[in-house]
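**Student:** Below is the sequence, then the predicted model.
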Amino acid sequence: MKKMLTALIVLALASGLMIEAAYAARLGGGRSMGTQRLAPMQRRALPPAAAPQQAKPAAPAAQPAQPAGNRWLGPLAGLAAGLGLGWLLGQGGAGAFGGVLLMALLAIAAVALLSRLFAKGRDQPVRRMSYADFGGSETAAAPPEQAPLPGSIPGATVEAMREPKIPAGFDAAAFLEHAKRNFLQLQEANDRADLAELREVTTGAMFESLKEDAAARGARQQQTEVIALNAELLEVATEADRHWASVRFSGSVREAPSAAPEPFDEVWNLQKPVNGQSGWLLAGIQQPGADR
């Protein structure tokens with residue numbers, strides 16, 4: 001009896017952790033989605049130059065989100081301490097009564113887990129994103145200039161392609177500060193499945209992809225903890241009626257409270273209409289090797 005109940009408890013905990021890990025993921029889930037751009041990925045894939053400026057100080061690490069702790073273990077541990085589960089197991093189950101009590105404890109634990117899972121996050125305060133200022137007039141001192149793809153320039157050298165394509169007068173430092181801030185806030189909005197906020201700062205096609213991810217996750221809650229975050233502006237270009245900016249984000253994230261930090265490296269493609277009808281919107285996420 002003791003061995004069977006112990007096995008059931010271990011199985012319940014393991015199943016909960018597996019579900020949490022399977023559905024917890026950063027924005028985009030580590031996939032390429034939305035608009036993909038070739039030039040920034042070509043520039044990103046080039047080996048770093050051997051110039052002394054390569055050894056730049058690392059960007060400051062993003063403030064990590066408050067750890068949520070083990071959301072699956074907490075209710076079981078509390079019940080065990082309050083109702084003497086450990087003592088009963090140590091006494092071999094205390095006979096038939098102990099077996100019935102232990103089964104009741106398991107049922108209560110299951111209900112507590114489900115209640116906590118569905119209730120958590122509903123009353124969390126919503127912090128609005130500041131995309132209205134992201135790349136606004138105080139960020140871009142001059143409108144982006146037309147920047148053709150490096151691959152279309154006859155005789156373009158590797159060294160020329162390595163350099164970021166940023167027009168004169170564009171305040172890249174301020175732009176990247178906004179970019180990092182909004183990267184963090186978009187992760188939070190994705191964790192909350194806040195579709196209204198995601199719609200506000202993404203293009204239509206990108207929003208549909210993120211909405212599908214949220215629907216697949218259902219009512220399961222997640223918390224993405226950004227451990228370290230770096231940002232590099234690869235390109236700012238104007239094509240037809242749109243400005244484009246490609247930002248390379250890298251660092252490490254923890255996608256579940258029980259998981260180890262994982263490195264990431266991806267490019268976010270942002271777009272903004274030339275006529276100024278909206279601010280910068282997230283149009284696509286590109287992973288290494290995406291070239292379409």
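**Tutor:** Structure received. Keep in mind the model is a prediction, meaning the values are calculated, not measured. Residues are numbered from 1 along each chain as shown.
**Student:** how many other residues sit next to the spatially closest residue to residue 265 that is not a sequence neighbour?
**Tutor:** Leaving aside its sequence neighbours, residue 265 sits nearest to residue 250 (CB to CB, 6 or more residues apart in numbering; 4.3 Å). Just so you know, the C-beta spots here come from the backbone N, C-alpha and C atoms, and that holds for glycine as well. For residue 250, the count of nearby residues is 15 (other CB atoms under 10 Å).
**Student:** And for the one 4 residues further on?
**Tutor:** Counted with other CB under 10 Å, residues neighbouring residue 254 total 21.
**Student:** Kindly report the same for the one 4 residues further on.
**Tutor:** The local packing of residue 258 (other CB under 10 Å) involves 16 other residues.
**Student:** swap in residue 216?
**Tutor:** Residue 216 has 10 neighbouring residues, counting by other CB under 10 Å.
**Student:** and it, what helix or strand is that in?
**Tutor:** Assigned by DSSP states H and E, residue 216 falls within helix 204-217.
**Student:** for that helix, packing partners?
**Tutor:** The contact analysis (3 or more CB pairs under 8 Å, 6 or more residues apart in numbering; DSSP states H and E) places helix 204-217 against strand 33-34, helix 172-192, helix 195-200, strand 281-286.
**Student:** Which neighbours in the sheet does the shortest one have, and how are they oriented?
**Tutor:** Taking DSSP bridges as the criterion, strand 33-34 sits next to strand 281-286 (antiparallel) in its sheet.
**Student:** okay, the angle between the strand it pairs with and helix 172-192?
**Tutor:** Relative orientation of strand 281-286 and helix 172-192, computed by axes from the mean of the first three to the mean of the last three CA atoms, to 10 degrees: 80 degrees.
**Student:** So what's the model's average confidence on strand 281-286?
**Tutor:** For strand 281-286, mean pLDDT is 97.
**Student:** that older thread, deepest in the core, which of the helices and strands packed on helix 204-217 is it.
**Tutor:** strand 281-286 (a mean of 24; mean count of other CB atoms under 10 Å).
**Student:** Against residue 200, how distant is residue 250?
**Tutor:** 26 Å (CB to CB, to the nearest Å).
**Student:** I'd like the average pLDDT over the next helix or strand after the helix holding residue 216.
**Tutor:** Toward the C-terminus, helix 204-217 is succeeded by strand 225-239 as the next helix or strand (DSSP H and E). Across strand 225-239, pLDDT averages out at 96.
**Student:** So for strand 225-239, what gets flagged as buried?
**Tutor:** Under the neighbour-count criterion of 16 or more other CB atoms under 10 Å, strand 225-239 has 225-226, 228-238 buried.
**Student:** any idea how far residue 33 is from the nearest residue to residue 35 once chain neighbours are set aside?
**Tutor:** With sequence-adjacent residues excluded and distances taken as CB to CB, 6+ apart, residue 35 is closest to residue 284, at 3.6 Å. Residue 284 sits 6 Å away from residue 33, taking CB to CB as the criterion.
**Student:** any common contacting residues for the two?
**Tutor:** residue 206 (CB atoms under 8 Å, 6 or more residues apart in numbering).
**Student:** returning to that earlier point: farthest pair in the buried residues of strand 225-239?
**Tutor:** Between any two of the buried residues of strand 225-239, the greatest separation by CB to CB is 36.5 Å, found for 225 and 238.
**Student:** re the thing from before, residues touching the residue nearest to residue 35, list them.
**Tutor:** With contact set as CB under 8 Å, 6+ apart, residue 284 has these partners: 32-37, 206, 268-269.
**Student:** quick one on the thing from earlier: I'd like the helices and strands packed on helix 204-217 as JSON lines, with distance to residue 263 appended.
**Tutor:** Compiled in JSON lines, the helices and strands packed on helix 204-217 are given as follows (distance: least, CB to CB, whole Å):
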{"stretch": "strand 33-34", "distance to residue 263": "20"}
{"stretch": "helix 172-192", "distance to residue 263": "15"}
{"stretch": "helix 195-200", "distance to residue 263": "25"}
{"stretch": "strand 281-286", "distance to residue 263": "16"}
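**Student:** Out of the ones you listed, which gets nearest to residue 273?
**Tutor:** Nearest to residue 273, of all the helices and strands packed on helix 204-217, is strand 281-286, at 9.0 Å by CB to CB.
**Student:** Quick one: work out the angle between that closest one and helix 204-217.
**Tutor:** 70 degrees.
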